[in-house]
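>>> generate coordinates for the sequence data below:
(4 chains)
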There are 2 protein chains.
Amino acid sequence: MKPVTVYDIAKEANVSVATVSRVLNNTAPVKKSTRDRIVELMNKYQFQPNALARSLSKKETGMIGIILPDITNPFFPAVLAGLEQEARSKGYTFFLCDTVSTNGDSKEQYERESQYLSLLIEKQVDGIVMIGGRINLARPSESMVTEVVDISKRVPTLLINGHLPGQNIHSICVDEREGGELATQHLIDLGHRDIGFIGGYQSMANSIHRVQGFVKTMEKNGLKVRKEWILDGGFSVEKGKLFMNHLLSLPERPTALFCANDLVAIGALKSAYNAGLRVPEDLSLVGFDDVPYASNSIPELTTVSLKCYDVGKSAAEHLHQMITKNKVSRKTKIRPELVIRESTAPPKGLN
Amino acid sequence: MKPVTVYDIAKEANVSVATVSRVLNNTAPVKKSTRDRIVELMNKYQFQPNALARSLSKKETGMIGIILPDITNPFFPAVLAGLEQEARSKGYTFFLCDTVSTNGDSKEQYERESQYLSLLIEKQVDGIVMIGGRINLARPSESMVTEVVDISKRVPTLLINGHLPGQNIHSICVDEREGGELATQHLIDLGHRDIGFIGGYQSMANSIHRVQGFVKTMEKNGLKVRKEWILDGGFSVEKGKLFMNHLLSLPERPTALFCANDLVAIGALKSAYNAGLRVPEDLSLVGFDDVPYASNSIPELTTVSLKCYDVGKSAAEHLHQMITKNKVSRKTKIRPELVIRESTAPPKGLN
DNA sequence: AAACTAATTGACAACGCTTTCAATTGTGAT
DNA sequence: ATCACAATTGAAAGCGTTGTCAATTAGTTT
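Numbers count the residues shown, from 1 in each chain, chains lettered A, B, ... in the order given. Reported below is the predicted structural model:
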């Protein structure tokens, strides 16, 4: 019942473990006859080398750890898919760390990030990628940043769509601001002048950037941004509904809405629909991220694509370079792209 | 730059590594004064024990491997969430194995499953959970089953919503057939007589069971099931559209559709919508799984809930029992539940 | 056949932790 | 003091690989 080891094989083949190791790794020539004998034994016993022992000895595990906030948010599986695909082709394997907390307490979430960070070190992963969570905070606490800075000194660490103030950790991200500009300009080009922004958190970098792109573009076009049409406080469908409901209760309403992400847009869409508004006839909606949801709603969502898959893929490539100690530029940017679908149209008066 | 080891700590504290290990694991009493000294050094050097070494020695890793077909399908993150939450609370950690193949080749997918199965053994995971893929095949190849049977003898293995013909591997699953009955009866109770079934694969157990529940209930109610209204060949939104389009081209159409999963239902919904049909007025739709999508569409999908989160959670508990060698019943069933939302209504003529 | 280079192999020390067994130290009782 | 016993500790043997260095064997060349 005990697993067979190189030692067992060696003994039965009348060779030393060194030789067995050699055929196992093709690390040095072995006479054909003895190699055959060993291979045969390996098959006979279904020998599977113990990766722990191997890693301990070689000081490399081929594992990369990924810390993300919530696997249930479709955005993360989307980038994960690209990451996985690429990393796998390079021989890496995955350690999934979901920091979601049952009660939605973000303090607990950051706490969990810390735990996982240590854990990954202990597990001796070859690299770490972080996405979402503290690295998306506009102003993370001192300890939060030093913690990951320390980590990044011990093992190649890559941030996806995030950064740490005052630090210069490797990252790959897409220009959120530009995305915000794209979306807003699209709406303006359609003829909208009364545009609102909903979703996100003022404490998070991505939200801030998206809003900045929005505001900048509005002003560039000589349009006024109305404070009461900028609502934040969440990234979920549920929150999207709430935001929309609030907007609906206002005396004056925007004709178009730029949503902090697709989920919020979906929520807004639902609320608008329930209130009898038609999208895009009565209200234009643009989302952000381009998760699968976006193209499956009715109407399909116009959105700015973060190109999740590509981001994931680049991340894997970048991290691989870091691990193999090739030099890479510290930051790599990916440009977002506007995907025009069905949820945007000229405002009503303009037909 | 080298990581500090128990040995380093021991030396500086003037004790043996055994003692260091003891304070590290609280595995035996250590005099307060020396314990304090050691703890202090650990902090000073930010000592983090090497989990590889520890696992090698203890013969346990605290890792559980999970093999799934495609993280991008929202169903899997949903059960993963429950699994993760529960497993984490028990001190386990995750090894993610996504077997998706870029080109959608299922042969390649099964191949990948084999690779991951070996890999997990090599990595010495404490347990394995499989979901989807070959364990959902109605008639998997001989080698596919012996492979996982062999694995299950080496390490606790649990199947979620799957089985292997002629074997008796631990599994936790929800009764697909009953789900099919629930959905169908609901439609019939609403007054529908012309009901179709779309989606799934005739080669897959879950599809077969769902159809069986459908057929059985139809017959029980004295209704005829029409061959031409049973379409299979996929689980995606895209396929759902195709199925619907085909149905639309038929001279006679069903007034209600039971879809193999929510994604297919969404696809059908979109096609119906594009064809000018209104759901549920002109067509009733019921999905299966109850992924987040289901409650975010317009109209919201009536569906049979697989209670993904619960399934994941039970799986974690079950596997934990297996790992700790407590006795558990080999199979645990979870009952599906009909969730009535907005996509179903009495057929038109009946108002 | 001797000398020499090339091809194969084996011994053994890491890798960093846990665990067993025995040795040492400390304590209160006598 | 002395003894019995409990509380602490240390030495060393694993755990299953890899990798280095030296030794052995085989193959050429003269």
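>>> how close does A:Gly148 sit to DNA strand D?
You called it Gly, but residue A:148 is Val. 30 Å (Cβ to the nearest atom of the strand, to the nearest Å). Yep, even glycine has a C-beta here, placed from its N, CA and C like the rest.
>>> cool, A:Val39 as well?
A:Val39 is 14 Å from DNA strand D, by Cβ to the nearest atom of the strand.
>>> how about the closest residue to A:Thr102 other than its chain neighbours, what does it touch?
Excluding the flanking residues, the one nearest A:Thr102 by Cβ to Cβ, 6 or more residues apart in numbering or on different chains is B:Gln85, at 6.4 Å. By Cβ atoms under 8 Å, 6 or more residues apart in numbering or on different chains, the residues touching B:Gln85 are A:Val100, A:Thr102, B:Gly312, B:Lys313, B:Ala316.
>>> quick one: what helix or strand has the fourth one in it?
When you say that, I think you mean B:Lys313. helix B:308-323 (DSSP states H and E).
>>> quick one: is that helix near chain A?
No. Figure legend: helix B:308-323 not in contact with chain A (Cβ under 8 Å from any Cβ of the partner chain); closest approach 9.1 Å.
>>> remind me what that helix packs against, helices and strands.
helix B:75-89, strand B:127-131, strand B:157-160, strand B:171-174, strand B:331-334 (3 or more Cβ pairs under 8 Å, 6 or more residues apart in numbering or on different chains; DSSP states H and E).
>>> mean pLDDT added to those, as JSON lines?
Formatted as JSON lines, the helices and strands packed on helix B:308-323 follow (pLDDT from 0 to 100):
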{"stretch": "helix B:75-89", "mean pLDDT": "95"}
{"stretch": "strand B:127-131", "mean pLDDT": "98"}
{"stretch": "strand B:157-160", "mean pLDDT": "98"}
{"stretch": "strand B:171-174", "mean pLDDT": "95"}
{"stretch": "strand B:331-334", "mean pLDDT": "94"}
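>>> would you reformat the ones you listed as CSV and include distance to A:Val279?
Below are the helices and strands packed on helix B:308-323 laid out as CSV (distance: least, Cβ to Cβ, whole Å):
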stretch, distance to A:Val279
helix B:75-89, 27
strand B:127-131, 36
strand B:157-160, 38
strand B:171-174, 36
strand B:331-334, 38
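>>> figure out which of those is closest to DNA strand C.
strand B:127-131 (18.9 Å; Cβ to the nearest atom of the strand).
>>> give me the residues contacting that closest one.
Strand B:127-131 has contacts (Cβ under 8 Å, 6+ apart) with B:64-69, B:76, B:79, B:83, B:92, B:113, B:117, B:120, B:148, B:151, B:155-162, B:315, B:319-320, B:322-323.
>>> next one: that strand to chain centre, how far?
With Cα atoms, centre = their mean, to the nearest Å as the basis, strand B:127-131 stands 9 Å off its chain's centre.
>>> show me which residues of chain A sit near DNA strand D.
A:2-3, A:5-7, A:17-18, A:20-21, A:24-25, A:27-28, A:47-50, A:53-54, A:56-58 (Cβ under 7 Å from any atom of the strand).
>>> go again with 10 Å.
A:2-10, A:16-25, A:27-28, A:31, A:47-60 (Cβ under 10 Å from any atom of the strand).
>>> could I get the buried residue list for stretch A:37-53?
Going by neighbour count (16 or more other Cβ atoms under 10 Å in any protein chain shown), the buried part of stretch A:37-53 is A:Arg37, A:Ile38, A:Val39, A:Leu41, A:Met42, A:Phe47, A:Gln48, A:Pro49, A:Asn50, A:Ala51, A:Leu52, A:Ala53.
>>> now do the end-to-end distance for that stretch.
End-to-end distance for stretch A:37-53, by Cα to Cα, to the nearest Å: 24 Å.
>>> ok, now stretch A:87-97?
Terminal residues of stretch A:87-97 lie 16 Å apart, using Cα to Cα.
>>> ok, residues contacting it?
By Cβ under 8 Å, 6+ apart, stretch A:87-97 touches A:62-68, A:71, A:84, A:116, A:119-120, A:123, A:125-127, A:316, A:319-320, B:84, B:93-98, B:119, B:123.
>>> these in strands, which ones?
A:63-68, A:127, B:93-98 (DSSP state E).
>>> out of these, who has the most neighbours?
Among the ones in strands among the contacts of stretch A:87-97, the one with the most neighbours (other Cβ atoms under 10 Å in any protein chain shown) is A:Ile66, at 29 neighbours.
>>> quick check, it in contact with A:Val79.
No. Counting by Cβ atoms under 8 Å, A:Ile66 sits too far from A:Val79 to count as a contact (9.4 Å).
>>> contacting residues for the residue in the stretch 251-351 of chain A that DNA strand C sits nearest to?
As assessed by Cβ to the nearest atom of the strand, DNA strand C sits closest to A:Ile323 within the stretch 251-351 of chain A, at 17.8 Å. Listed by Cβ under 8 Å, 6+ apart, the contact set of A:Ile323 reads A:Ile64, A:Asp126, A:Gly127, A:Pro156.
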